[in-house]
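Chemist: Here is my input; please provide its structure:
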Amino acid sequence: PSLAPAMAMHAQKMGCTWGRLCLLLSLLLQLPASQAKCYFQAKAPCEYEGKQFSLGESWLSTNCLLCTCLHPIGVGCCETTQHPIDFPDWCEAHYDSQTCQISVVQKANPSLPCVKSVEHEWGSAGTPEPL
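Modeler: Got it, this is the predicted structure:
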């Protein structure tokens, strides 16, 4: 019996798997959050909190990472939050682990959002925003 047909079929399956892997990785890296960081863990099991995942399935981890099973290669995870990078120095980014959201709040009173006011100018390099 010849092994050639079996080998060709195996190569075709592997090509399909690698094609899916490349597609999944490219999708992970193109999340809307342009400042998002992605991580890849080779040979990581596709299991989370006792649930088993198959190739292409995704889940949200408790630390707000969107993970995708890339079995048998590993697991790819990306941050789901956008990190603000341009806000006044009198404000700070506040991370809420319950909602996986980041908001920009006033340093002096974190219960208040960071908004333009009479006493605070908002814009690039301290210049006022155009009217």
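Chemist: make it CA atoms for all contacts and neighbour counts henceforth
Modeler: Fine.
Chemist: Helix or strand with the lowest mean pLDDT in this structure?
Modeler: helix 4-29 (a mean of 46; mean pLDDT, DSSP states H and E).
Chemist: If you count neighbours, what's buried in the next helix or strand after that one?
Modeler: Per DSSP states H and E, helix 4-29 leads on to strand 38-42 as the next helix or strand towards the C-terminus. Across strand 38-42, burial judged by 16 or more other Cα atoms under 10 Å covers 38, 40.
Chemist: Parallel or antiparallel, list what pairs with the helix or strand following strand 38-42.
Modeler: Once strand 38-42 ends, the next helix or strand along the chain (criterion: DSSP H and E) is strand 47-48. Strands that pair with strand 47-48, judged by DSSP bridges, come out as strand 51-52 (antiparallel).
Chemist: Check which helices and strands the helix or strand harbouring residue 75 sits against.
Modeler: Secondary structure from DSSP H and E places residue 75 in strand 74-79. Judged by 3 or more Cα pairs under 8 Å, 6 or more residues apart in numbering; DSSP states H and E, the packing partners of strand 74-79 are helix 4-29, strand 38-42, strand 65-69.
Chemist: Show me how the protein divides into domains.
Modeler: 38-79, 81-115 (the TED database).
Chemist: Throw those domains into a markdown table and include mean pLDDT, thanks.
Modeler: Shown next, in a markdown table, are the domains of the chain (pLDDT from 0 to 100):
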| stretch | mean pLDDT |
| --- | --- |
| domain 38-79 | 92 |
| domain 81-115 | 88 |
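Chemist: Find the one among those with the highest mean neighbour count.
Modeler: When you average the neighbours per residue for each of these (mean count of other Cα atoms under 10 Å), domain 38-79 leads with a mean of 17.
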